[in-house]
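Quick one: sequence and predicted model below, then my questions.
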Amino acid sequence: MSACTSCGACCASFRVDFSVFERDDNGGSVPYGLTVDVTDHTCRMRGTDHSPARCAALTGTVGVKASCGIYEWRSSPCREFEEGSDACNRARMRHNLAALN
């Protein structure tokens, strides 16, 4: 299992906004109940605007054993997030985890 599907640091570090058309109530795949509306066209993963941030779809303990409960149905920002990227390593540092090379 890669760090990207077991770490969870990004899921507990960033606000995740995306089009409402990615939600299952609008023909997409992201469960409506895990989102909050931001505008008429934008929604956010529930919990990612909290301090500290933690996506409502994240299960487990960050850095120990964590996973996305909706991995197959996750939003485009989550799909586009790259393991080992600068953003990934910043998220890992926030949770006292070593950077990935």
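Great, that's in hand.

rest of the way, CA atoms for contacts and neighbours
Fine.

So the most centrally placed residue in the chain: helix, strand or coil?
The residue lying closest to the centre of the chain (C-alpha atoms, centre = their mean) is residue 11, at 3.8 Å. Classification of residue 11 using DSSP: H, G, I helix; E, B strand; the rest coil returns helix.

Once you drop chain neighbours, what's closest to it?
Nearest residue to residue 11, sequence neighbours excluded (C-alpha to C-alpha, 6 or more residues apart in numbering): residue 55, at 5.5 Å.

Show me where the protein has its strands.
Secondary structure of the chain (DSSP state E): strands located at 17-19, 35-37, 42-45, 58-61, 65-68.

Could you pull up the residues touching residue 49?
Residue 49 makes contact with 14-15, according to C-alpha atoms under 8 Å, 6 or more residues apart in numbering.

again with the one 10 residues further on
When the contact criterion is C-alpha under 8 Å, 6+ apart, the partners of residue 59 are 66-69.

which residues in the chain form helices?
For the chain, the helices defined by DSSP state H occupy 76-80, 86-94.

Tell me which of those helices sits most buried.
Among the helices of the chain, helix 86-94 has the highest mean neighbour count (mean count of other C-alpha atoms under 10 Å), at a mean of 17.

where does the chain dip in pLDDT?
1-3 (pLDDT under 70).

Give me the distance between the two termini of stretch 86-101.
10 Å (C-alpha to C-alpha, to the nearest Å).

Ok, stretch 50-66 next?
With C-alpha to C-alpha as the measure, stretch 50-66 spans 19 Å from end to end.

residues making contact with stretch 5-21?
Residues from elsewhere that reach stretch 5-21 (C-alpha under 8 Å, 6+ apart): 26-28, 37, 40-45, 48-49, 52-55, 58, 61-68, 75-78, 88, 91-92, 94-95.

Can I get it in PDB? Just the C-alpha atoms.
Extracted C-alpha coordinates of stretch 5-21, given in PDB (Å, rounded to 0.1, in the frame of the first residue of the first chain):
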ATOM      1  CA  THR A   5      -3.600   5.500   0.400                       C
ATOM      2  CA  SER A   6      -2.500   5.000   4.000                       C
ATOM      3  CA  CYS A   7      -1.100   8.300   5.300                       C
ATOM      4  CA  GLY A   8      -4.100  10.700   5.400                       C
ATOM      5  CA  ALA A   9      -2.000  13.900   6.100                       C
ATOM      6  CA  CYS A  10      -3.500  15.700   3.100                       C
ATOM      7  CA  CYS A  11      -7.000  14.800   4.200                       C
ATOM      8  CA  ALA A  12      -6.300  16.500   7.500                       C
ATOM      9  CA  SER A  13      -4.500  19.600   6.200                       C
ATOM     10  CA  PHE A  14      -6.300  21.300   3.300                       C
ATOM     11  CA  ARG A  15      -9.700  22.800   2.400                       C
ATOM     12  CA  VAL A  16     -11.200  20.800  -0.400                       C
ATOM     13  CA  ASP A  17     -13.500  22.700  -2.800                       C
ATOM     14  CA  PHE A  18     -14.900  21.500  -6.000                       C
ATOM     15  CA  SER A  19     -17.900  21.800  -8.400                       C
ATOM     16  CA  VAL A  20     -21.300  20.800  -7.100                       C
ATOM     17  CA  PHE A  21     -21.600  18.700 -10.300                       C
END
